[in-house]
Every structure is written in structure tokens, then in C-alpha cells.
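Q: Below is the sequence, then the predicted model.
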Amino acid sequence: MRATVSVRMLLRGLLVGVVALTVAGVPGFAQQQQAVCVLGEGHFEAHLRDGAGVTVGPVATGQGFSGRACSAAITWKGGTVLQVATAGQIDIDVMGADLGFGVPVVAFEIRKASTDWRATYAIYSLDKAPRLLAQLTGGDVYRAVDADFNGRIAIWTSDAAAVNGFDGLRYADFDFPPTVVLRYENRKLEDVSAEYPRQYDKQIAQVGAQLTPQALAAFRNSDGKLEDGYRPWPELIALRKTKAKVLEIVWSYLYSGREARAWEELAQMWPAADLGRVKAALIATRARGFDALAADVRGPLERLHHWRVAVYDTTATSRQILPLNSMDGSQTRLPDPLDTTEVFNRLVDTDPQPIAMMRTELVRQPEVVVLVVDAAGKVWSAKMAGSENDPELLEAAKGWKFIPAFKGTHAVACRTKMDIWPLQ
């Protein structure tokens, strides 16, 4: 008899974009949302097969709207054993997978206020004696993904708090605060950002396309500091925008392990007289961020290890080879020799179960979508089954989160079908 994961969800907000759905025969409900619970709106409850569970929902903290907040708790066989947090916003990023601690975990993204860009990432063990395993602060958004489909999950975030206020610029001035990729190996935090240069190159290309030769020349002719009153306000605003983009490019090279290239770019784009000062400031700023927490920094050659790469497919009738580059997602795929994924048509012990799903419009008729969900519960590919065509649904599916599929006690990537029908 197959093990089950029970999920009960009553999510927040207006009843817009609600879909009723079935994942491999297990019913659940979801609606469009930014997080599981925001300002006391939203409820999620799930139980793993060993008895561990998670509950997130509203809690009263005072009178009226200002007294609405969210609370998270870990349960064991129906009873609350650990009250995790009370905050303005609580989301679940991972549930049931192992983030490198040797035990299944739940990872909460917690914001004291729903409008706060700062977030805390709290990782708890899921067992009869749950405990806090690790806590990360300093990022704006945290997203754990199995980017290489080998079960080695990394946490993608940014060094937002470290660069907030850098050289007169604030967090809101940056489109791309420095991306950081972190992984726990045997409970030790490692910076593995250098394993993903292609992702950083995408950011560099996007930022570089917004820089004009005229804007760069104007910035090169400035003093670099751009303090208030240095130039008329409209001109100063334009210079500061260019300064932020130059920093974003330099940070992308620096954080992806290409330090020499970072300093070359800085020398080409920054005012020469101010180069030494800003280089020292960049080094000091990074040392105060996640770089101070990570015990190790790996290079791109680490990615050539022949880790097992597999997806368990419950939709196929024969064994197939699925090219990794056929999956769409926010992270890049492995280069050769690991450029394909073996797809096994064996049943998993538990199928992916929904945590958070978004949908902008109600479906008008029953639809079937085929998803590839990684070992962290994130969607990498979404396609309509049969002749249906619903691009809005496929776009929304990219932001869905799941309790991942399990083979034995291990979370695995899975290709599965989801039936979606109008809510009656």
C-alpha cells in the first residue's frame, strides 16, 4: 500500500483565481497568493507519513487590522510540539526534503512585516523532537531548488542586507542585489555560487543592455561618490542609476568566483580617481555578508562530478531520456557531460503535494497539466496534456511550490500529471 501525504489548505485573499485540483488522486485546494499567510490571511496544514506536520495560519495579536498576524507550528501526530514564529508574513519554501542535515526539514521564509524586504530563512527538523537547525538572515527572497536534478538542494538568495546603504545607495536602488547560492553539506554551510556562472551571466547581460555609452561616460567623468549636492538633482539621479548598474555587473562577477574579471570591469567603468576607495569598500562589504557565514567556496569544476541525475516519471509507459535543456526554469542547466536526465517510469512512494499555487483567472473547463517538480518541490517545466492550450496557467505554474515526491525516505524529482477543474 502506497504511503500518503495529507494536505489541507485554506489560503488567503479574495476568491480570485481559485482552482480545485487533484495530484495523483489526492485532493487539495489552492488559490493565488504571495505567501502561505500574510497579515492573518491564509491557512496551510500538512502531515508527512511518519507523523510530522506543519501548520501555518492566522493568530490574533491585538484589535482590528493591526492585530492580524501569522503563526507557524510543527506538529507530531496531530499535537503541536514546537511553536515556530509569529510574524506579519510566513511562507513555506521547503517541506519534507533534506537540505543537507541528514533529516527531513521544513524551511520557513519569515518577514516581521508583510512590506519588509528583509526576510529570515529558518530551517527546522521534522521529527518527534523538532529543533531549529539553521537560520539565515540578510537576504530578501530565499528559494531552495535542486538546480541540477541530483538531489543536492541549494538555497538561492541575495546579499541584500550587506549592500543596503553601500556608498549612498539603498536596496531599492538595485534591480539585482548580489545573488548568493548556498548549500549545506553535512550541516556545514558552503557558498557554491561559483558553480553557476551562466546564471550570473544572464544578469550581467540584462544589466549591460540598460547601460548606454553616454551614461557610462558621464559616470566615468564624475567623482564616483555622488553625494547630495554634487550635481543638480535630475543629473544626480541619472548618475546614481548608472552607478547602481555598474555595481550590479561587478558584483555578478565577484560573487560568481571571477574576481579578476570583476576588478577589470570595475576599472573600465568606474572613475579612475575613485577606483581604490570603492574596491576596498566592495571587499569589506562582501566580508560582512553571507561570505562571513559560509565555511567554503567552491569553483565551477565541482559541477563536473558525476552525480546521479534522474526524474521519476509517473506519466510515461517506457523509459526515456529527457534533455535537461527542455525544462524551463530560473536557474541554468548542467553543461556536458551531464546534459541529459534519465527518466524512470517507476512509481514514487508519495507524489508531489501542493504548498502554494498561483492562478490569475478561474479555469473554465477541466484541464490537465504535466509538471516536472524537483526534489525541493519547485516546478521546472509545465506543459498542457493533449490538445488544451492555456498559456496563463502554464506561466502561473512556474511559481507553484510542492511537498516533493518521495522514493523511500528520499525526495526525488518527478514528472506528474495534475487534473485541474473549475471550483464548483
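A: That came through fine. Residues are numbered from 1 along each chain as shown.
Q: for stretch 255-269, which positions count as buried?
A: The neighbour-count check on stretch 255-269 (16 or more other C-beta atoms under 10 Å) flags Tyr255, Ser256, Gly257, Arg258, Ala262, Trp263, Glu265, Leu266, Met269 as buried. The way it works is simple: take the backbone N, C-alpha and C, and place the C-beta from them, glycine included.
Q: contact partners of that stretch?
A: Contact with stretch 255-269 is made by 159, 178-180, 193-194, 196-197, 200, 216, 219-220, 246, 249-251, 253-254, 275, 278-279, 282, 286, 297, 299-300, as judged by C-beta atoms under 8 Å, 6 or more residues apart in numbering.
Q: for the record, mean pLDDT for that stretch?
A: For stretch 255-269, mean pLDDT is 97.
Q: chain center to it, what's the gap?
A: The chain centre lies 26 Å from the centre of stretch 255-269; the measure is C-alpha atoms, centre = their mean, to the nearest Å.
Q: Pull out the CA atoms of that stretch and give them to me as PDB.
A: Output of stretch 255-269 as PDB, limited to C-alpha atoms (Å, rounded to 0.1, in the frame of the first residue of the first chain):
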ATOM      1  CA  TYR A 255      30.100  36.600  -6.400                       C
ATOM      2  CA  SER A 256      30.400  34.000  -9.200                       C
ATOM      3  CA  GLY A 257      34.100  33.400  -8.400                       C
ATOM      4  CA  ARG A 258      35.600  35.500 -11.100                       C
ATOM      5  CA  GLU A 259      37.300  38.100  -9.000                       C
ATOM      6  CA  ALA A 260      39.900  39.100 -11.600                       C
ATOM      7  CA  ARG A 261      37.200  39.800 -14.200                       C
ATOM      8  CA  ALA A 262      35.300  41.800 -11.600                       C
ATOM      9  CA  TRP A 263      38.200  44.200 -11.000                       C
ATOM     10  CA  GLU A 264      38.800  44.500 -14.700                       C
ATOM     11  CA  GLU A 265      35.200  45.600 -15.300                       C
ATOM     12  CA  LEU A 266      35.400  48.000 -12.300                       C
ATOM     13  CA  ALA A 267      38.500  49.600 -13.700                       C
ATOM     14  CA  GLN A 268      36.800  50.100 -17.100                       C
ATOM     15  CA  MET A 269      33.600  51.600 -15.800                       C
END
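Q: circling back: how about the buried residues of stretch 255-269, which pair is most distant?
A: Pairwise distances across the buried residues of stretch 255-269 peak at 20.1 Å for Gly257 and Met269 (criterion: C-beta to C-beta).
Q: Closest one of the buried residues of stretch 255-269 to Val81?
A: Nearest to Val81 among these, counting by C-beta to C-beta, is Tyr255 at 38.5 Å.
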